[in-house]
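S.K.: Sharing a sequence plus its predicted fold:
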Amino acid sequence: MRNALESITLTDLEYLDGIHTHLDGVLRRIDREGGKENIPVVGTAVGRFLRVIAAAVGAKRVLEIGTAIGYSALWTGGALPRGGELVGIEPDHARAQRARMNWREAKLGAKLTVHEAPALEVLPKLRGPFDLAFIDALKEEYGEYLDGALPLLRRGGVVAVDNLLWGGRASGSRPDDRGASTKAIRRFNKRFLSDDRLVATILPVGDGVGLGVKR
Ligand SMILES: C[S@@+](CC[C@H](N)C(=O)[O-])C[C@H]1O[C@@H](n2cnc3c(N)ncnc32)[C@H](O)[C@@H]1O
């Protein structure tokens, strides 16, 4: 198997980081806060990736499962047009409030709505269509999130899923912790790649991002 990663070094990754535009004020602050408070926000590579995908599908409505304090939402939101909307799901009230505050501070043209309840309760009540869905909450529930989100996605819409390498635990490059999340991610990865509702792949961006286009 030919694999570009065999030749990619940390220097290459730093080089790529260096030639991208630096984080603007709000994103830089949230990134720092996430690190300090141990809130697992996406890395910058995944943030940039989400923004490009949102632009590529001409996203006007985005669904995000697991919004935390709004870091990934701001990355995606940066590609939304005036009048667009990001619908987030975040059961932690304090985090949801901070996401709203950060969104206001970023002065985006699109609107943010955050539902403060578990995704499996919220998803059946939402109305589509969405152009893009991003899954980044409880790993054990990824399969159910996918089943809940796909009917809400338009044809040709994209679903992105974070943490599919699960810090090396999915492949075993880091010792198997036999945890429920590791088992769930491995099960999900197989299912995602063979789901005939999607054209799907998993990319080695950040902690592994699944990308599926709805048929
Ligand atoms: C990995 S963080 C999300 C990070 C965010 N996407 C970012 O990169 O900025 C996962 C979030 O999912 C939330 N969460 C936990 N249980 C949930 C559930 N049942 N439904 C939706 N979100 C949930 C957590 O409170 C946490 O803030």
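M.R.: Perfect, I can see it now.
S.K.: List the contacts of the residue most central in space within the chain.
M.R.: Centroid-nearest residue in the chain, with C-alpha atoms, centre = their mean: F134, separated by 4.2 Å. Applying C-beta atoms under 8 Å, 6 or more residues apart in numbering, one finds that F134 lies in contact with 50, 62-65, 72, 76, 159-162. Where you see a C-beta, it was placed from the backbone N, CA and C, and this is true even at glycine.
S.K.: Please, a ChimeraX command that selects the buried ones among the residues you listed?
M.R.: Typed into ChimeraX, the line below selects the buried ones among those, using 16 or more other C-beta atoms under 10 Å:
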select :50,62,63,64,65,72,76,159,160,161,162
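S.K.: Out of the contacts of F134, list just those in strands.
M.R.: Within those, residues falling in strands by DSSP state E are 62-65, 159-161.
S.K.: Strands of this structure, start to end?
M.R.: 61-65, 85-89, 111-115, 130-135, 153-161, 198-203, 209-214.
S.K.: what about the fourth one, average pLDDT?
M.R.: The one in question is strand 130-135. Across strand 130-135, pLDDT averages out at 98.
S.K.: quick one, that strand and strand 209-214 angle?
M.R.: 150 degrees (axes from the mean of the first three to the mean of the last three C-alpha atoms, to 10 degrees).
S.K.: partners of strand 130-135, with directions?
M.R.: Here strand 130-135 has these sheet partners by DSSP bridges: strand 61-65 (parallel), strand 153-161 (parallel).
S.K.: Of the ones you listed, give the one that comes closest to the ligand.
M.R.: strand 61-65 (5.5 Å; C-beta to the nearest ligand atom).
S.K.: before we move on, back to that, please produce CSV containing the strands paired with strand 130-135, extended by distance to K36 and mean pLDDT.
M.R.: As requested, the strands paired with strand 130-135 are exported to CSV (distance: least, C-beta to C-beta, whole Å; pLDDT from 0 to 100):
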stretch, distance to K36, mean pLDDT
strand 61-65, 22, 98
strand 153-161, 26, 98
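S.K.: How about the residues of the protein by the ligand?
M.R.: Contact residues, the chain versus the ligand (C-beta under 6 Å from any ligand atom): 40-42, 65-68, 71-72, 89-92, 95, 118-119, 136-138.
S.K.: out of those residues, which are inside helices?
M.R.: Judged by DSSP state H, these include 71-72, 95, 119 as members of helices.
S.K.: ok, and the most crowded of the residues you listed?
M.R.: Among these, the one with the most neighbours (other C-beta atoms under 10 Å) is S72, at 27 neighbours.
S.K.: contacting residues for it?
M.R.: Contacts of S72 by C-beta under 8 Å, 6+ apart are 41-42, 46-47, 50, 64, 134, 136, 162.
S.K.: picking that back up, so of the strands of the chain, which one's packed in deepest?
M.R.: strand 61-65 (a mean of 28; mean count of other C-beta atoms under 10 Å).
S.K.: next one: it to chain centre, how far?
M.R.: Relative to the centre of its chain, strand 61-65 is centred 9 Å away, using C-alpha atoms, centre = their mean, to the nearest Å.
S.K.: what's the angle from that strand to strand 85-89?
M.R.: 10 degrees.
S.K.: Any idea how many residues pack against K107?
M.R.: K107: 7 neighbours (other C-beta under 10 Å).
S.K.: hang on, I meant G70
M.R.: If you count neighbours by other C-beta under 10 Å, G70 ends up with 31.
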